[in-house]
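Colleague: Predicted coordinates and the sequence they were generated for:
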Amino acid sequence: WAFILTKVAMFLVEGKTPKEFWDSYGRTLTAVQSAAILEIAHAVMRLVKSSPMAVLMQVASRLVCVWIWPQLSTKAQSHWSLYLMAASWALVEVPRYAFYAVNLVQEEVPYPLFWLRYSLFAFLYPTGITGELLQLITSLSDLTNVSLIIFYLAIVTVILYIPGSPFMYMHMVKQRAGSFKRRKMGKQPKRKIEGVEYPENEKGKRSTLSLNQATWKAAMQGVNTEVAKAIEGERNWRFKYNKHCVKSVGVAAANKKHCLQIAKQGLDYLHNTFEFHKDEKVMSLKEAMYSIEDTYHTGFIRGIQAKPATFDYTVPYHGKQLRGQALLDQIKKWVDYGTIEKEAGEAIAACVNNKEWLDLSDSYFVLLGAGSAMGPIKTLLDHGANIIAVDLNRSPIWERLINMVRESCGTMYFTLSKPQDTLRNDEELFAAAGTNLFSNAPEVANWLSTLLPGKQFYIGGYAYLDGPLFLKVSIAMDAIIEKVAKVRGVQHVGCAFLCSPTDCFVIPEEAHKAMEHNYNRATWWQRLFELVGLLKRNATPAIAASDSKASFPIVDGYVVPQGPNYALAKRLQHWRCMLIREAGGWASSNIAPSTATASVVSNKSFAAAYGGMHSFKPMEVFYQETSNAVMGALLIHDVKNTNGVSYPSTTLNNPLELFASGAFHGGIWRIGYNFNQIGPISAVLFYLRTYSIALTAAGAGAIGG
């Protein structure tokens, strides 16, 4: 790269044309850039910590710029953007590779080189991307004479730059912030491990992927040897986990006994394999839950609002507060369009029509992660429920929750580190409230096991964290539910979760037919994306049951970038629900729609994808207040309707049908194309619609210049 940079500088100083540079050093530039294919391999093989997706996007966009556009177009070879592109690449790569080299022999890279490595992109990424796009656009007129396929490939490539460029730039911004933060902090002492922790693998590392892959294998052992071996043999679990997860769901759908066996084996493996660290001792999570005997004091707050004589159910939607007939009309629109399943619409309508259901003053809801953005606490308090809240021991969280309760007609019980009567004011109350599910899961389970004897508990797992922490908090919540159900009796303890639509489910036959219908009515541009391999058909053959005459269509809603830890965290919630229900308990796990929460839309790429998803009928992305309200209604329905699928007295052909009933999926079960593929294209459509005028002007200017 230093050689390329030197030659670009020399040719510019000497006033030579880009065509002369290409004729002299085009092959050299192509060879040097092509060597970057090794970087993709290194990322995939985990020889480096770089994101394989980010590396693939960066390298692939450059490769087409040396393999195709200037190779086939003399106009591209002659355009000044060739210099801009090559110089930008070289100016980025020279300090980057120098940084890597110095890092191999020195404990700390000198600050000037460190700064260049993580700062030059701020200027050189935009110039490099501009050079690449101008090379592409300049070559278009020549490409039409070479091959229409290559011409259309070029058009698609231009479109892909729209979501890809912000993604790459923000990836580098985050990488820079993290690198500067780590350098400023210096070497940190090794973190003391407390509570739930991933086990060490054979290399002595606490690998999340190793445990994840081993859990799916353990779940399939003795059920389907072929699938278990395929899971064990997968060498790229991080990016190919989804196909194995879909196969395991298919195996579970084929046989009820196997379905429950998979659930039990998967959870047993997690409980026995996750470590629990306490007072310098290390034990399994299962052992910790039954050997640690500590507990908490109980706090109690009652709301000051009087309970109304009757309740109306209200759903905020597009700036309006829908209730009564207006809400029923909107429910019908969602069902007719295919955004939600008929059963979900009927469940919400039942809450509107049965107002006596809405008085929850005799119901007790345990909320693990009470302050979660997608949790039901506000809906439940608005209807007078008794909340048993568990959340982090952070004063701001409890100030918000306690004040929320005070302004309601509900009540709240919560953990305290000290007796409530010893706390002199709100400040001390907020400071003493809360706990940590990672480090204190046994104590939380002990507290819940003896709290309010004789009351029916509906325990909801709503805590959410990013990445590997989500799996950790999910298994901690599961261990709490498992023990409380065992101590209080499963008939007195129900479990509730929010299913993610980006998962794999058994679905109704009507939803499967709608997939086919929407696929057959795909637009021309959707067919074009399918032709080049960027879209895949959503509908797949139904799974025939081996123990009945039933067959089960399946939807694969996995979004691979979410990762295997997210997938397993959601799957273990399914497993727990099925086992609780099979044992005679109540279980509710309805599918929530894609929701534009603050944390999601803060990522510009996700925000753009959400902004364009309505282009795929019948997709609709909801705002948080709407999702909270509709999911709260489904939870209330599941509690009050004793003839519903949440109660074990209702017969199911397969336990997986539990998740097919209350599906407010936002359209994922009925779109013609697989949801994993539509995100980037939706983002492209959003950007095209938003910046169409600017893009047209830029393209015309580039061709004219």
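Modeller: Happy to help now that I have it.

Colleague: Need the contact partners of the helix or strand containing residue 62.
Modeller: Using DSSP states H and E, residue 62 maps to helix 52-67. Residues from elsewhere that reach helix 52-67, judged by C-beta atoms under 8 Å, 6 or more residues apart in numbering: 26, 29-30, 33-34, 36-37, 39-40, 43-44, 85, 89, 132, 135-136, 157, 161, 164, 167-168, 171, 238-239, 561. No exception for glycine: its C-beta is placed from N, CA and C like everyone else's.

Colleague: just the buried members of those?
Modeller: Neighbour-count burial (16 or more other C-beta atoms under 10 Å) applied to those gives 26, 29-30, 33, 36, 39-40, 43-44, 85, 89, 132, 135-136, 157, 161, 164, 167-168, 171, 238.

Colleague: quick one: which of those sit in helices?
Modeller: Those of these mapping onto helices are 26, 29-30, 33, 39-40, 43-44, 85, 89, 132, 135-136, 157, 161, 164, 167-168, 171, 238, per DSSP state H.

Colleague: Based on its surroundings, how many neighbours for residue 627?
Modeller: 23 (other C-beta atoms under 10 Å).

Colleague: quick one: buried residues of the helix or strand where it lies?
Modeller: Residue 627 is located in helix 624-640, with elements delineated by DSSP H and E. Buried residues in helix 624-640, counted by 16+ other C-beta under 10 Å: 624, 626-640.

Colleague: And stretch 454-466, by the same measure?
Modeller: Buried residues in stretch 454-466, defined by neighbour count with 16+ other C-beta under 10 Å: 457, 458, 459, 460, 461, 462, 463, 464.

Colleague: How is the closest residue to the last one other than its chain neighbours assigned, secondary-structure-wise?
Modeller: Distance criterion C-beta to C-beta, 6 or more residues apart in numbering; nearest residue to residue 464, sequence neighbours excluded, is residue 372 at 5.8 Å. Here residue 372 is recorded as coil under DSSP: H, G, I helix; E, B strand; the rest coil.

Colleague: how many neighbours does residue 372 have?
Modeller: Residue 372, neighbours per other C-beta under 10 Å, totals 18.

Colleague: swap in residue 499?
Modeller: Neighbour count of residue 499, defined by other C-beta under 10 Å: 24.

Colleague: Would you mind measuring from the nearest residue in space to it that is not next to it in sequence to residue 574?
Modeller: Once flanking residues are discounted, residue 499 sits nearest to residue 591: 4.3 Å by C-beta to C-beta, 6+ apart. Using C-beta to C-beta, to the nearest Å, we find residue 591 at a distance of 11 Å from residue 574.

Colleague: just residue 339 next, same as before
Modeller: As judged by C-beta to C-beta, residue 339 and residue 574 stand 23 Å apart.

Colleague: Ok, residue 164 next?
Modeller: 34 Å.

Colleague: ok, now residue 606?
Modeller: 24 Å.

Colleague: So those two - more neighbours on which side?
Modeller: Using other C-beta under 10 Å as the criterion, residue 606 and residue 574 rank with residue 574 on top: 25 against 17.

Colleague: per-residue confidence averaged over stretch 357-366?
Modeller: Stretch 357-366 shows a mean pLDDT of 97.

Colleague: now swap in stretch 169-177 and tell me
Modeller: Average pLDDT, stretch 169-177: 84.

Colleague: what's the answer for stretch 590-604, then?
Modeller: Per-residue scores along stretch 590-604 average to 76.

Colleague: Equivalent analysis for stretch 281-292, please.
Modeller: Mean predicted confidence for stretch 281-292 is 97.
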